[in-house]
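Visitor: return a 3D structure for these sequence lines:
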Amino acid sequence: MRRSIFWKIALIILPIVLLINAALLLVAYKQAYDRSYDTCVERMKNGAGIVEEMIGFLDKNEISDGKNVGEALEYFCNQLDLPYIYVFELDPDTSSVHYLAIGFGKEATEEGRKELYKGKKMKITIPEQLLQVYNGQIKNGFDHVKNRFGETLICFTALRGIYDPATGKYDDLSGNPMILGMDLLLDNVNDELQRDFNQIFIYMVVLSILMVFLFAFIIHRMVSKPAKQMSAKMKTFVEDHGQEFKPFPVKGRDEFSEMSRSFNSMVENIHNYMDSIEVLNREKHTRQAELDIAGNIQMGLLGAHEYESDFFRIRARMRPARDVGGDLYDHIALEDGRVFFSVADVAGKGISAALFMSRAVTLLHLYAKMHYSPAEILRMFNDTLSENNPEGLFITTFVAFYDPKTRELTYANGGHNVPYVLSDRLIPLDGARGMAAGLFPGEDYEETSLQLKDGDCVFLYTDGVNEAKNVSDVLYSTERLEKKLSECLEQGGEDPLRFISDDLLKFSEGAEQNDDITILTMRVKAGGVKADEVKADGVKADEAVADGVKADEAVADADHQTETMHLKADKQELGRIKEKILQIPVDEELQKKLYLVAEEIFINICSYAYDVDGNGEAELTIRTGDTIEMIFRDWGKPFDPTKEVVELEEYDYDNSVGGMGRFLVRTLADEFEYEYRDGQNILRVDFHVTQ
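Guide: Predicted structure coming up:
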């Protein structure tokens with residue numbers, strides 16, 4: 001039993017879907033891990049600040065004694081869910097440490113309690129960030145290590161001021177500070193994260209498999225199965241000339257139902273025509289009757305002579321020969337706005353060619369409405385016609401889709417004459433070649449595309465044009481056709497269908513026509529695409545960004561002024577910012593709002609964007625007009641202040657660290673927008689000016 005193409009598609013799609021899901025899961029895991037890690041870092045920074053403040057009230061003797069300090073550190077271990085907090089002296093010259101006080105939390109191991117104790121001295125490899133903390137280069141340093149205790153995050157903070165009871169003052173220990181260390185075990189955090197993501201991955205795999213196979217099953221039931229049934233009935237009809245044909249059952253009003261009605265009607269007409277042939281045989285007009293019936297079948301299956309939309313115009317003409325052949329043309333306007341059109345020529349004469357052509361028309365309709373590509377249409381078309389073709393007929397076919405939204409013409413050619421496009425010059429559509437359909441199953445077909453423009457005209461024809469003869473038995477020829485099309489192009493407004501038809505009549509006047517002559521043209525209308533339907537690279541116009549600023553923000557006229565301030569990420573620059581804001585010609589109340597927001601945002605840049613205050617750079621661009629717009633840029637760590645803005649009633653005044661500033665900015669500003677692009681944090685804040 002032959003496997004349906006849709007199950008093959010499902011087996012192709014499944015690994016792709018799984019790979020995409022796996023990639024998305026990895027990205028999500030990385031982001032979740034980074035967020036978890038950053039949360040741990042912030043948690044330890046906050047904890048270090050609290051412990052540092054407590055130790056600052058102790059004198060050095062109490063710290064050296066270690067007992068009371070150790071109890072306090074143990075209290076903070078339990079409060080902060082940390083296994084170890086300790087104070088030690090660092091000797092960079094000898095790469096050694098001396099533990100002064102140690103506190104153990106609930107997660108501390110027995111091995112850790114034995115190895116870390118007050119008074120212990122040991123040599124270590126000094127981490128770079130610990131050395132920077134010791135030298136005062138950074139406030140908090142972190143070291144991420146993996147050892148026998150597990151994966152551990154260590155936070156270092158320098159204690160530079162200790163109370164001296166002898167003098168009643170604080171001793172400055174900047175030259176030789178004590179170091180506060182805090183350990184956090186990451187294994188539990190990572191294990192929980194890994195368990196969650198493993199469970200999500202299993203759900204995603206199962207769901208992906210179910211969805212892909214459900215999709216294949218639905219498509220098989222709704223499309224493949226009806227198509228096979230129709231094709232089987234068509235084969236039976238051709239084999240027994242419709243003697244045992246039973247009409248298709250018609251249900252609903254979808255495409256298959258419409259095609260079933262059309263085919264039933266066609267069969268009924270053919271039966272009537274065949275009955276007429278029997279009558280005409282008795283009257284000794286069998287041959288001519290057969291030709292008349294075939295001609296009626298042929299003409300009845302052709303599309304309308306003309307079709308016109310806002311975007312294009314299709315015109316077609318067929319002049320049948322006395323011995324009827326199998327020329328056909330077709331065009332279908334699809335629901336997605338595209339138009340499908342084709343021209344074909346069956347190699348044969350008489351009723352067999354007409355019946356073969358009727359089957360070809362039905363198949364082309366079916367595959368076009370199933371939204372197959374041109375190459376797929378010809379491949380399926382060829383395979384279906386080749387399965388049962390006792391008389392060895394074949395058909396040359398050119399199929400194309402035109403999309404008015406993109407103005408793209410996509411086409412494929414199965415052994416047919418090369419069509420042309422009349423544009424700035426005569427362009428042959430010879431970019432895709434293939435075998436005529438109906439003889440050899442399994443053929444592959446090429447397809448290609450061409451961008452059209454206003455006024456371009458696609459010219460399709462059958463070999464009845466270039467092989468037409470005059471009374472001297474001279475062919476019209478492809479060379480003459482190209483010459484006349486070029487003349488038509490030079491004359492501007494001439495319709496190529498009428499121009500070639502008139503020239504062909506003049507050329508073959510007096511000669512007998514021995515083949516069908518078929519011509520179809522599709523002309524692109526000037527200005528046919530509506531402005532609200534045109535997208536620039538698929539992106540709406542109000543989303544197009546130019547150099548970090550929206551397009552409608554890049555306009556500067558007499559009523560709009562733009563100034564950019566280049567700033568150091570240093571809080572001392574607030575004076576310059578305030579001076580600039582006070583120069584904006586708005587009321588005092590709005591000036592206050594502008595400065596409050598600018599101050600909050602700039603302080604956040606100074607405090608968090610760079611490791612050390614004053615070491616980075618920032619820019620402030622101010623645009624004035626109906627809207628006051630402030631755009632802040634920095635090149636520090638990525639941070640989106642528009643996310644997770646806490647509501648006032650939800651703010652925890654006792655335990656929260658930060659967050660109120662973002663609430664302030666969102667409350668005062670009319671618009672608040674952030675993006676991270678090209679290594680820059682870009683924050684845009686808008687205030688509407690009330691006249």
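Visitor: CA only for contacts and neighbour counts going forward, please
Guide: Fine.
Visitor: where does the stretch 151-300 of the chain dip in pLDDT?
Guide: Where the stretch 151-300 of the chain drops to pLDDT under 70, the residues are 162-174, 220-261, 267, 271, 274, 277, 280-300.
Visitor: may I see the buried residues of stretch 302-314?
Guide: Buried positions in stretch 302-314, judged by neighbour count with 16 or more other C-alpha atoms under 10 Å: 302-303, 311-312, 314.
Visitor: err, stretch 465-485, not the other one
Guide: 465-470, 475-476, 481-482, 484-485.
Visitor: ok so, going back, now the buried residues of stretch 302-314 in JSON lines, with secondary structure?
Guide: Supplementary listing: these in JSON lines, determined by DSSP: H, G, I helix; E, B strand; the rest coil:
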{"residue": "Leu302", "secondary structure": "coil"}
{"residue": "Gly303", "secondary structure": "coil"}
{"residue": "Phe311", "secondary structure": "coil"}
{"residue": "Phe312", "secondary structure": "strand"}
{"residue": "Ile314", "secondary structure": "strand"}
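Visitor: list just the nearest of these to Asp383.
Guide: For Asp383, the closest of those turns out to be Leu302, at 22.8 Å, with distances computed as C-alpha to C-alpha.
Visitor: the closest one reaches Leu328, doesn't it?
Guide: Yes. Between Leu302 and Leu328 there is a contact under C-alpha atoms under 8 Å: 6.3 Å.
Visitor: does Ala321 touch Asp516 like I think?
Guide: Yes. Ala321 lies in contact with Asp516 (C-alpha under 8 Å); the separation is 4.8 Å.
Visitor: the more surrounded of those two?
Guide: A count of neighbours by other C-alpha atoms under 10 Å puts Asp516 above the other of Ala321 and Asp516, at 22 against 17.
Visitor: need the contact list for Met370.
Guide: For Met370, no residue meets the contact criterion (C-alpha atoms under 8 Å, 6 or more residues apart in numbering).
Visitor: hang on, the earlier thing: pull the most distant pair out of the buried residues of stretch 302-314.
Guide: The most widely separated members of those, counting by C-alpha to C-alpha, are Leu302 and Phe311 (22.4 Å).
Visitor: tell me how far Ile154 lies from Leu184.
Guide: 6 Å (C-alpha to C-alpha, to the nearest Å).
Visitor: the two: which has the busier surroundings?
Guide: Counting neighbours by other C-alpha under 10 Å for Ile154 and for Leu184 shows that Leu184 has the greater number, 26 against 19.
Visitor: tell me which element that one falls in.
Guide: Secondary structure here is read from DSSP states H and E; on that basis Leu184 sits in strand 178-185.
Visitor: alpha carbons only: can I get that strand in PDB?
Guide: Taking C-alpha atoms only, strand 178-185 is exported to PDB below (Å, rounded to 0.1, in the frame of the first residue of the first chain):
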ATOM      1  CA  MET A 178      39.300  42.600  57.000                       C
ATOM      2  CA  ILE A 179      37.300  40.600  54.500                       C
ATOM      3  CA  LEU A 180      33.700  39.400  54.900                       C
ATOM      4  CA  GLY A 181      33.000  36.200  53.000                       C
ATOM      5  CA  MET A 182      29.700  34.500  52.300                       C
ATOM      6  CA  ASP A 183      29.100  31.100  50.600                       C
ATOM      7  CA  LEU A 184      26.000  30.000  48.800                       C
ATOM      8  CA  LEU A 185      25.500  26.400  47.500                       C
END
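Visitor: just checking: what are the partner strands of it?
Guide: Here the strand partners of strand 178-185, with direction, are listed using DSSP bridges: strand 84-91 (antiparallel), strand 150-159 (antiparallel).
Visitor: okay then, goodbye and thanks.
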